[in-house]
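S.K.: fold the following and give me the result.
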Amino acid sequence: MKEVTFKAYAITNEIDLNQIAIHCGIPKKYTWEQPLILRGDILASILDHQVDDSQQVLVFSFGSLVFVNNSRPKDIQSFMKYIQSFEPDIDITNADRYTDDYRLHYGEIETMELTDEYVEVPEYEVFYPELIATVLAKSVALEKIEEQLGKIHDKLENMIERLEKGRLRIGNKELARTTAIILRYEYNTLGYIMILDKPDITWSISHAGEFYDKMLEFFELNDRYKILKSKTDLLHHIMEGFSTISHSIRGLFVEWIIVILIVIEVVLTVLQITGLLP
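M.R.: Got it, this is the predicted structure:
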């Protein structure tokens, strides 16, 4: 039985594929749903050594990389440094934080079998590497967003505890900043990761679509997306509550200031009438 290996990383939120394509001399305009596939002489020039025909790297606009038939740490480090030259904000030292390994086995089997570590198919199809890489890329990108969204949940939990103790003091800037972070994560899942979108080849080849759907279901990408969407909806609801309470507190404070000023004015008027003040 022959094997194809995959190693996926989520290293940032966005990668400009067209900028890399221009540098590599690839005359193609890439859209968000298309991965940039580097192989052959182009990949060899980046890694600075010869590569096999089976080796390739898929770069996704939503910040994921998938190495096919190449898991050498030195090559992975070199390629990430190359990507970092286009996206300086990438933190290579923590690149292993969101990663996944997978394998494709083909031959010597009659029906497809999916597991956590590999998928086995009767015979090789040219679209298998791209479809598997796409699912892995989306999975690690979702893992990254899931963890970051969890940090926002922890922050809001602390704010709720402060509210329960009657000590909520939150400014408009902090409310706006937290809301913007929630919107950013929601936009990343909808706009960049595109969980609900399928690769073009799945529309033209029926069994490619069937294979992709099975991979998607096995990795629970749709379910994870729905959970993530429900969490962001809950966060929006909580932030609306915080905003209402914060504005109520400010409104009450202004009302008290007005009352105090009116009382002071009345006292001064009474003192003037009684002749205690000129």
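S.K.: for the stretch 1-150 of the chain, which segments count as strands?
M.R.: 2-10, 36-39, 56-59, 64-68, 99-106, 113-114, 118-121 (DSSP state E, counting those that start in this stretch).
S.K.: for burial, what's the neighbour tally of Lys2?
M.R.: By other C-beta atoms under 10 Å, the residues close to Lys2 number 10. Bear in mind the C-beta positions are built from the backbone N, C-alpha and C, glycine included.
S.K.: for it, name its beta-bridge partners.
M.R.: Tyr106 (DSSP bridges).
S.K.: wait, it touches Pro122, no?
M.R.: No - Lys2 sits out of contact with Pro122 when judged by C-beta atoms under 8 Å, with a separation of 11.8 Å.
S.K.: rewinding a little: most packed of the strands of the stretch 1-150 of the chain?
M.R.: strand 64-68 (a mean of 25; mean count of other C-beta atoms under 10 Å).
S.K.: any idea of the mean pLDDT for that strand?
M.R.: In this model, strand 64-68 has an average pLDDT of 96.
S.K.: turn the strands of the stretch 1-150 of the chain into JSON lines, columns for distance to Asp16.
M.R.: Formatted as JSON lines, those follow (distance: least, C-beta to C-beta, whole Å):
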{"stretch": "strand 2-10", "distance to Asp16": "16"}
{"stretch": "strand 36-39", "distance to Asp16": "10"}
{"stretch": "strand 56-59", "distance to Asp16": "10"}
{"stretch": "strand 64-68", "distance to Asp16": "14"}
{"stretch": "strand 99-106", "distance to Asp16": "22"}
{"stretch": "strand 113-114", "distance to Asp16": "34"}
{"stretch": "strand 118-121", "distance to Asp16": "31"}
